[in-house]
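**Student:** Below: sequence and its predicted model.
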Amino acid sequence: MSIPDFGENQLHALNAIVQARREQPSETNVWERTRHFFGKKKLPHLLGTSLTTLKLQGFIPQDFIEHEIQWKDMPYSIDASIGFGFTFEHMLTMAFQPDHFNQLEWRHYKQLNLNADEMMKTGLTIHDLNALKLTPQQLHQLKWSWTQLRSIGGTRENITIDQNDRELYFKHTESKPKQMGGFKF
């Protein structure tokens, strides 16, 4: 005996409602269409309203971009934002800054499909990256290379990665000064 999947049916119903609210009925006259257009509340006034409510009213992430809402002004959690449909491209367009990475947990990096190239688009410096306290394994999973670390200002002194981890994850070996023998007369 199979058990009905109410979750998927509710998701389809919710998406149908959102789509229906976004589309104008074809039999409306000019006055009704104009009234509908101006009757919709502006998104900036609705900030703080549940993202589920905004979705039911027909808002999508592009509406936030259209209204020039900055990422720093978003009152929503990362989980809620990702659930609403925000991608890292949306976040970049909304002026996502290097210090905003502090809001992310490791699972968010995976959910947003982040990698070193994407992170570098924010103007990230080695000090910003060090502040995130990512492990060498995590940096490797995000596809950071030694060259990229150097390009954001990394030096032997300020890259907080152990020498063994550098060799293992970044295939980088520091050039060591050659040992000279004792004095010969």
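**Tutor:** Arrived safely, thanks for sending. Numbering: from 1, shown residues only.
**Student:** Now do the helices in this structure.
**Tutor:** Using DSSP state H, the helices found in the chain span residues 6-22, 30-39, 43-46, 51-56, 61-66, 78-84, 88-93, 106-111, 116-120, 126-131, 136-141, 146-151, 163-170.
**Student:** would you turn these into TSV with distance to His100 and mean neighbour count?
**Tutor:** No exception for glycine: its C-beta is placed from N, CA and C like everyone else's. TSV is the format used below for those (distance: least, CB to CB, whole Å; neighbours: other CB atoms under 10 Å):
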stretch	distance to His100	mean neighbour count
helix 6-22	28	11
helix 30-39	33	10
helix 43-46	20	13
helix 51-56	18	15
helix 61-66	15	16
helix 78-84	9	16
helix 88-93	8	17
helix 106-111	11	14
helix 116-120	11	17
helix 126-131	10	17
helix 136-141	18	16
helix 146-151	20	15
helix 163-170	25	15
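**Student:** can these go into CSV with extra columns for mean pLDDT?
**Tutor:** Shown next, in CSV, are those (pLDDT from 0 to 100):
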stretch, mean pLDDT
helix 6-22, 68
helix 30-39, 54
helix 43-46, 86
helix 51-56, 91
helix 61-66, 93
helix 78-84, 96
helix 88-93, 96
helix 106-111, 96
helix 116-120, 96
helix 126-131, 95
helix 136-141, 95
helix 146-151, 93
helix 163-170, 88
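**Student:** Now render those helices as JSON lines, adding distance to Lys72.
**Tutor:** Shown next, in JSON lines, are the helices of the chain (distance: least, CB to CB, whole Å):
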{"stretch": "helix 6-22", "distance to Lys72": "27"}
{"stretch": "helix 30-39", "distance to Lys72": "29"}
{"stretch": "helix 43-46", "distance to Lys72": "14"}
{"stretch": "helix 51-56", "distance to Lys72": "17"}
{"stretch": "helix 61-66", "distance to Lys72": "12"}
{"stretch": "helix 78-84", "distance to Lys72": "13"}
{"stretch": "helix 88-93", "distance to Lys72": "11"}
{"stretch": "helix 106-111", "distance to Lys72": "17"}
{"stretch": "helix 116-120", "distance to Lys72": "18"}
{"stretch": "helix 126-131", "distance to Lys72": "15"}
{"stretch": "helix 136-141", "distance to Lys72": "25"}
{"stretch": "helix 146-151", "distance to Lys72": "26"}
{"stretch": "helix 163-170", "distance to Lys72": "32"}
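**Student:** residues touching Leu139, list them.
**Tutor:** Taking CB atoms under 8 Å, 6 or more residues apart in numbering as the contact definition, Leu139 lies against Ala116, Leu129, Ile161, Tyr169.
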